[in-house]
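Engineer: coords please:
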Amino acid sequence: MPTYLHECLKCTEEFEDFYGINAPLPPCPKCGDEGEVRRLICGTNKGQVTLTGQDYTNKVKADTAQLKRDVRTNENLRANLIGENRYNQLTTKRR
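Structural biologist: Okay, here's the model as predicted:
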């Protein structure tokens, strides 16, 4: 069920509650008034998605593969990942 943000028009208290879209509006937890509550429109979840199980594993594998491709083509990224001193040692040995 979604979480909704509410405001009481009587005491100006803001509160969150979760319920189905067709359920009646809850009473204000501060003053108990039922008729003066309105649902506010907001983005409270900030667009975060939580992955678990196989979805998480697939995402990690895809990100790792992309990072490996990027490291092969971007010298600065490679130096940042392995450390500048180690990068300089490896490039010096190649010459």
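
Engineer: OK, contacts around Asn80?
Structural biologist: Not one residue lies near Asn80 by Cβ atoms under 8 Å, 6 or more residues apart in numbering. Just so you know, the C-beta spots here come from the backbone N, C-alpha and C atoms, and that holds for glycine as well.

Engineer: next one, pLDDT for Gly47 please.
Structural biologist: For Gly47, the pLDDT comes out at 60.

Engineer: likewise Thr57?
Structural biologist: At Thr57, pLDDT is 91.

Engineer: tally of neighbours for Asp17?
Structural biologist: Neighbour count for Asp17, taken as other Cβ atoms under 10 Å: 16.

Engineer: quick one: Asp17 is in a strand?
Structural biologist: Yes. Counting by DSSP: H, G, I helix; E, B strand; the rest coil, Asp17 is found in a strand.

Engineer: mind checking the SS state of Pro24?
Structural biologist: State at Pro24, reduced to three classes by three-state DSSP: coil.

Engineer: make residue 1 into 265 and carry on from there
Structural biologist: I'll keep to 265 as the first residue from here, and by that count the last item is Pro288.

Engineer: phi first, then psi, for it.
Structural biologist: Phi and psi for Pro288, reported as degrees, to the nearest 10, are phi -70, psi 160.

Engineer: and if you look at Tyr268?
Structural biologist: phi -120, psi 140.

Engineer: dig out what it forms beta bridges with.
Structural biologist: Beta bridges link Tyr268 to Asp281 when assigned by DSSP bridges.

Engineer: can you pull the buried residues of whichever helix in the chain runs longest?
Structural biologist: In the chain, with assignment by DSSP state H, the single longest helix is helix 317-337. Buried positions in helix 317-337, judged by neighbour count with 16 or more other Cβ atoms under 10 Å: none.
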